[in-house]
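Asker: how would this look folded up:
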Amino acid sequence: MLIVPDASVILTLVLEREDEPDFPIAFHIIDDFLAGTIEIRLPSLWRYEVANTLAMKRSRMARDAMETLLAYEFEEESLHREYCIDVLRFMAEVRGISFYDASYHVLALREGGVYVTADQRYIGYAGGKGHVVLLSQWKTPTRRQ
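Answerer: Numbers count the residues shown, from 1 in each chain. Next up is the predicted model:
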């Protein structure tokens, strides 16, 4: 099973806000990834988005947090010409979303995976396109019943 978690999910892994209700779900995702029960693939821009957020909001921990995330060696998709054009087409169909968010969603669509996001607003705009689920509703293979 392939999933494409966005920056909101990835940041949950390193910010460790235990008061956040989705915190345990994000950790189930990484546990399943490490166990080999799911595959994680990300657009290469995830590095810029996550590092920017860490540097601006948590500068003291940014380096260690990025080192932790980079150590997972997630498979990345570069933003090649066809992929970039697909993202722009998608944005023309779904108004009100960012290129960043659309790039995760389009990757999931292209690869037959599931885009996982903590962004309820995004689900409202693009949920009808399929292959997307809110983090709070995600059921990892080890949590299914």
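Asker: neighbouring contacts of the helix or strand hosting Glu82?
Answerer: Using DSSP states H and E, Glu82 sits in helix 81-93. Helix 81-93 has contacts (Cβ atoms under 8 Å, 6 or more residues apart in numbering) with 43, 77, 79, 97, 99, 102-103, 105-107, 109-110, 129. For every residue, glycine as well, the C-beta is placed using N, CA and C.
Asker: how about 7 Å then?
Answerer: Here helix 81-93 makes contact (Cβ atoms under 7 Å, 6 or more residues apart in numbering) with Glu77, Ile97, Phe99, Ala102, Ser103, His105, Val106, Arg110.
Asker: and the two most separated of the residues you listed?
Answerer: Farthest pair in those (Cβ to Cβ) is Glu77 and Ile97. Separation: 18.4 Å.
Asker: Could you check stretch 8-26 and say which residues are buried?
Answerer: Applying a neighbour-count criterion of 16 or more other Cβ atoms under 10 Å, the buried positions in stretch 8-26 are Ser8, Val9, Ile10, Leu11, Thr12, Leu13, Val14, Leu15, Asp22, Ile25, Ala26.
Asker: helices and strands around the helix or strand of the chain with the lowest mean pLDDT, which ones?
Answerer: Least confident helix or strand of the chain, by mean pLDDT, DSSP states H and E, is helix 7-15 with a mean of 88. Packing partners of helix 7-15 (3 or more Cβ pairs under 7 Å, 6 or more residues apart in numbering; DSSP states H and E): helix 23-35, helix 46-57, helix 62-71, strand 114-117.
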